[in-house]
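# Can you look at this prediction? I've put the sequence above it.
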Amino acid sequence: MFTKIVVAWDGSPHAEAALRWSLAREGDAVLELVHVIPGSDQSSEYLRATGDLSEQRIDLMDRAEALRAEHPGRTITTETVHGRPDRELATRLGHDVLVVVGTSSHGRETAWTLGARLAASRALGSVAVIPVDWDAIERRNVVVGVDGSVESMAAVRVGVEEARRTGDELELVHSWVVPTSWNSAYVEYLGDVQLMEDMRRDVLDEALDYARSLGGAPAGRLEQGGAAPILAERTRTARVVIVGSHASGGMTRFLLGSVSHDVLLEAVGPVIVVSDNE
């Protein structure tokens, strides 16, 4: 599905984690390391006054050369640009492009990490956010959160391809909660809860049928509880958790979708956010 993987690079351990994860993906996708230097190019950092390449550019080229020696069959390219990392990386999003970033090197000082900003951009595509210690344990299974939306169906498409690539089991997870306004003292309460559960199971079944139509062999799991904590818990052991983004641009977390946003903040394993309805 992805013909190019773009890795956000700055030489940090977080970028190294994103790079390790990208290299671990077997296939012939082109790997591009992009170093976005904050600010404009007014200082001509690409070329020093002597005409030499900048230190950042040299470091990136050296890293790529070492990677080519380690992975001789892999096409690896580099680019150094000036600007805002989220904007520059968003321009590289596309239907067949996966942009990979590490988690924030600043911890949880802000809810708007680079990964969250990218996932909430207007550009359609997929963004993977990789924790620094993602490979500390053996991981298995591809998990997709579904909610009946076209965005989650796009996530299912990516999930089917990921499971086919890795050979892992594909698990579709749909969660639901009983509305807080319902009163358990009502005689009809249990019947209402059962009716809602049946409706939610129909949503899961629709996603399972769609995955099968794409050639997948999914398992389904219906969970009672909040979607974000349930999916974040799956990131502890899953090879990857995939969610759809309801992003349409803008600067509020609700445009990304609170579930996608909260999963990114709480994840301890790789997460792919899909914003592609084609």
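It's in.
# Show me the shaky parts of this structure.
For the chain, the stretches flagged by pLDDT under 70 are 40-53, 105-111, 178-193, 247-257, 277-278.
# contacting residues around the nearest residue to residue 216 once chain neighbours are set aside?
Once flanking residues are discounted, residue 216 sits nearest to residue 160: 3.9 Å by Cβ to Cβ, 6 or more residues apart in numbering. Yep, even glycine has a C-beta here, placed from its N, CA and C like the rest. Residues in contact with residue 160, defined by Cβ atoms under 8 Å, 6 or more residues apart in numbering, are 170, 211, 214, 215, 216, 218.
# Just give me the neighbour total for the first one.
When neighbours are defined as other Cβ atoms under 10 Å, residue 170 has 24 of them.
# Identify the residues contacting it.
When contacts are counted by Cβ under 8 Å, 6+ apart, residue 170 is found next to 141, 142, 144, 159, 160, 162, 163, 211, 216, 217, 218, 219.
# and with 6 Å instead?
142, 159, 163, 216, 218 (Cβ atoms under 6 Å, 6 or more residues apart in numbering).
# ok so residue 32 is a strand residue?
Yes - counting by DSSP: H, G, I helix; E, B strand; the rest coil, residue 32 is located in a strand.
# just checking, which of the contacts of residue 170 belong to helices?
Taking DSSP state H as the definition of helices, the contacts of residue 170 contribute 159, 163.
# Which one (most neighbours) among the contacts of residue 170?
residue 159 (31 neighbours).
# Helices along the chain, start to end?
Along the chain, the segments classed as helices by DSSP H run 13-24, 55-70, 85-90, 114-119, 150-166, 189-213, 227-234, 253-256, 258-266.
# Any buried residues in the fourth one, and which?
Okay, so that is helix 114-119. By neighbour count on 16 or more other Cβ atoms under 10 Å, the buried set for helix 114-119 is 114, 115, 116, 117, 118, 119.
# Now do residue 262 against residue 133, distance only.
Distance of residue 262 to residue 133, given as Cβ to Cβ, to the nearest Å: 20 Å.
# Who are the contact partners of residue 162?
Contacts of residue 162 (Cβ under 6 Å, 6+ apart): residue 142.
# Can you give me the neighbour number for residue 148?
The burial count for residue 148: 15, using other Cβ under 10 Å.
# so can I have TSV of the contacts of residue 160 showing distance to residue 7?
Formatted as TSV, these follow (distance: Cβ to Cβ, whole Å):
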residue	distance to residue 7
170	25
211	28
214	27
215	29
216	27
218	29
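# For residue 200, give its distance to residue 81.
45 Å.
# So the two - more neighbours on which side?
Here residue 200 and residue 81 are set side by side on neighbour count (other Cβ under 10 Å), and the busier one is residue 200, at 19 against 14.
# so what's the more buried one closest to, chain neighbours aside?
residue 176 is the one closest to residue 200 (Cβ to Cβ, 6+ apart), at 4.3 Å.
# So what sits opposite that neighbour in the bridge?
Taking DSSP bridges as the rule, residue 176 bridges to residue 224.
# count of residues packed around residue 267?
Using other Cβ under 10 Å, residue 267 has 25 neighbouring residues.
# residues contacting it?
Contacts of residue 267 (Cβ under 6 Å, 6+ apart): 232, 235.
# Redo the buried residues of helix 114-119 as CSV? Include distance to residue 21.
Below are those laid out as CSV (distance: Cβ to Cβ, whole Å):
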residue, distance to residue 21
114, 15
115, 13
116, 18
117, 20
118, 16
119, 17
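# Which members of these define the maximum pairwise distance?
Farthest pair in the buried residues of helix 114-119 (Cβ to Cβ) is 114 and 119. Separation: 9.7 Å.
# Please identify every residue contacting each of these two.
With Cβ under 6 Å, 6+ apart, residue 114 and residue 119 have no common neighbours.
# give me the beta-bridge partners of the residue minimising distance to the centre of the chain?
Centroid check for the chain by Cα atoms, centre = their mean gives residue 272 as the closest residue, at 1.9 Å. Residue 272 has these beta-bridge partners by DSSP bridges: residue 128, residue 242.
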